[in-house]
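Engineer: got a structure for you, letters missing:
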């Protein structure tokens with residue numbers, strides 16, 4: 001029987017919060033979940049000051065949007081949740097192994113590390129189905145909710161002395177890009193050959209869509225936050241130390257469930273200018289690679305967006321994105337403009 005604990009009081013900046021001793025093993029807050037992991041020892045909640053349930057309740061109480069954990073199954077490396085439409089999210093027991101998403105045929109399509117992983121305890125499954133890695137005096141705890149259509153990763157900052165930067169690494173070959181609305185994507189560049197024409201073109205396969213970040217203090221007050229990108233690493237910056245905030249502060253990026261086929265082709269400045277001046281007939285001469293089917297049916301839309309980009313100040317470029325959703329069959333595409341990257 002897990003002992004009940006009194007709710008943890010919030011602390012103001014400058015006050016300290018006792019942390020629990022480090023624990024190991026994947027443990028469950030309820031017997032139903034514990035039965036999924038029979039080979040792993042369980043520990044009484046009284047062994048720790050901060051429990052997985054307390055962390056989960058803190059996150060749930062402050063999150064602006066509810067994310068419901070999918071049912072979990074035990075796997076060799078941790079626990080797994082099934083994605084809507086196929087595929088699996090695995091949340092590892094060892095925090096240094098991070099989170100991994102696989103397609104229905106078992107191919108890894110997304111993996112990312114957790115902030116402060118080297119200083120986190122092993123995973124604990126809370127009563128609500130979320131997974132918590134308890135931190136120490138200098139490292140915020142991390143709570144992961146693996147839903148059937150998204151993954152929410154929250155850091156729980158206990159006091160003003162703890163870090164303001166939380167990094168997620170998508171691995172070698174990935175590039176993180178911050179979007180104009182504050183959200184982020186991660187992509188890998190790979191050559192794709194059109195089987196009908198033999199044409200090969202580098203395309204960007206989008207492996208992660210990350211919603212704009214949020215952060216709130218214990219009273220629900222918004223805390224300034226933003227993303228920064230460096231190579232394959234996405235960092236959430238939470239500016240809590242210099243404000244009069246009530247702790248704990250919860251900060252969160254949420255990863256949308258990835259579509260397993262999602263590509264983007266971006267035209268540079270010269271190519272955009274050529275399309276804008278020559279019309280839809282010029283698109284074929286530039287090359288669309290894997291987007292050729294889209295180019296054939298969306299020529300006028302591409303030309304119109306290229307004209308908008310050419311007449312903008314500062315000048316922008318045109319891009320095409322296509323995705324194959326996991327629920328509705330068929331190819332969905334859209335054309336818009338962008339700045340930065342190859343737009344030069």
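Structural biologist: Structure's in. What do you need? Computed from a predicted structure; not experimentally measured.
Engineer: residue 75 is in contact with residue 89, isn't it?
Structural biologist: No - using Cβ atoms under 8 Å, residue 75 is not in contact with residue 89; the gap is 10.7 Å. Every residue, glycine included, has its C-beta placed from N, CA and C.
Engineer: neighbour-wise, which of those two wins?
Structural biologist: In this view residue 75 and residue 89 are compared by other Cβ atoms under 10 Å, and residue 89 has more residues nearby, 25 against 15.
Engineer: look up which residues are beta-bridged to the more buried one.
Structural biologist: Taking DSSP bridges as the rule, residue 89 bridges to residue 81, residue 101.
Engineer: from what I can see it touches residue 151, true?
Structural biologist: Yes - taking contacts as Cβ under 8 Å, residue 89 lies within contact range of residue 151: 6.0 Å.
Engineer: list residues touching both of those two?
Structural biologist: 99, 101 (Cβ atoms under 8 Å, 6 or more residues apart in numbering).
Engineer: longest helix anywhere in this protein?
Structural biologist: Secondary structure of the chain read by DSSP state H shows that its longest helix is helix 299-311.
Engineer: strand partners (parallel or antiparallel) of the following helix or strand past that helix?
Structural biologist: The element immediately downstream of helix 299-311 (helix or strand, assigned by DSSP states H and E) is strand 317-324. Sheet pairing of strand 317-324 (DSSP bridges) gives strand 261-266 (antiparallel), strand 332-338 (antiparallel).
Engineer: turn these into TSV, columns for distance to residue 165.
Structural biologist: Formatted as TSV, the strands paired with strand 317-324 follow (distance: least, Cβ to Cβ, whole Å):
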stretch	distance to residue 165
strand 261-266	28
strand 332-338	27
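Engineer: pick the most buried one from these.
Structural biologist: For those, average neighbour numbers computed from mean count of other Cβ atoms under 10 Å are highest in strand 261-266, which has a mean of 20.
Engineer: which parts of the stretch 101-250 of the chain are strands?
Structural biologist: Under the criterion DSSP state E, counting those that start in this stretch, strands of the stretch 101-250 of the chain are mapped to 108-112, 124-125, 131-133, 141-146, 150-157, 165-169, 174-178, 184-193, 200-210, 214-216, 225-230, 233-238, 246-247, 249-252.
Engineer: okay, those, which one's buried deepest?
Structural biologist: strand 124-125 (a mean of 28).
Engineer: rounded mean pLDDT for that strand, please.
Structural biologist: Per-region confidence: strand 124-125 scores 92 on mean pLDDT.
Engineer: tabulate the strands paired with strand 317-324 in a markdown table, adding columns for distance to residue 168 and mean pLDDT.
Structural biologist: Output for those, formatted as a markdown table (distance: least, Cβ to Cβ, whole Å; pLDDT from 0 to 100):
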| stretch | distance to residue 168 | mean pLDDT |
| --- | --- | --- |
| strand 261-266 | 19 | 74 |
| strand 332-338 | 23 | 76 |
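Engineer: out of those, nearest to residue 105?
Structural biologist: With Cβ to Cβ as the criterion, residue 105 lies closest to strand 261-266 of the strands paired with strand 317-324, at 12.4 Å.
Engineer: spit out the contact partners of residue 96.
Structural biologist: Neighbours of residue 96 in contact, by Cβ under 8 Å, 6+ apart: 113-114, 117-118.
Engineer: part of a strand, is it?
Structural biologist: No - going by DSSP: H, G, I helix; E, B strand; the rest coil, the assignment for residue 96 is helix, not a strand.
Engineer: tell me which of the strands paired with strand 317-324 sits nearest to residue 52.
Structural biologist: The nearest among these, by Cβ to Cβ, is strand 261-266 at 33.6 Å.
Engineer: in the helix or strand following the closest one, what counts as buried?
Structural biologist: Next along the chain after strand 261-266, taking DSSP H and E as the criterion, comes helix 269-278. Neighbour-count burial for helix 269-278, counted by 16 or more other Cβ atoms under 10 Å, picks out 271-276.
Engineer: that older thread, for the strands of the stretch 101-250 of the chain, give me JSON lines that also has distance to residue 315.
Structural biologist: Shown next, in JSON lines, are these (distance: least, Cβ to Cβ, whole Å):
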{"stretch": "strand 108-112", "distance to residue 315": "33"}
{"stretch": "strand 124-125", "distance to residue 315": "52"}
{"stretch": "strand 131-133", "distance to residue 315": "46"}
{"stretch": "strand 141-146", "distance to residue 315": "42"}
{"stretch": "strand 150-157", "distance to residue 315": "35"}
{"stretch": "strand 165-169", "distance to residue 315": "32"}
{"stretch": "strand 174-178", "distance to residue 315": "19"}
{"stretch": "strand 184-193", "distance to residue 315": "22"}
{"stretch": "strand 200-210", "distance to residue 315": "21"}
{"stretch": "strand 214-216", "distance to residue 315": "33"}
{"stretch": "strand 225-230", "distance to residue 315": "23"}
{"stretch": "strand 233-238", "distance to residue 315": "28"}
{"stretch": "strand 246-247", "distance to residue 315": "46"}
{"stretch": "strand 249-252", "distance to residue 315": "35"}
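Engineer: out of the ones you listed, which comes closest to residue 341?
Structural biologist: Of all those, strand 174-178 comes closest under Cβ to Cβ, at 7.2 Å.
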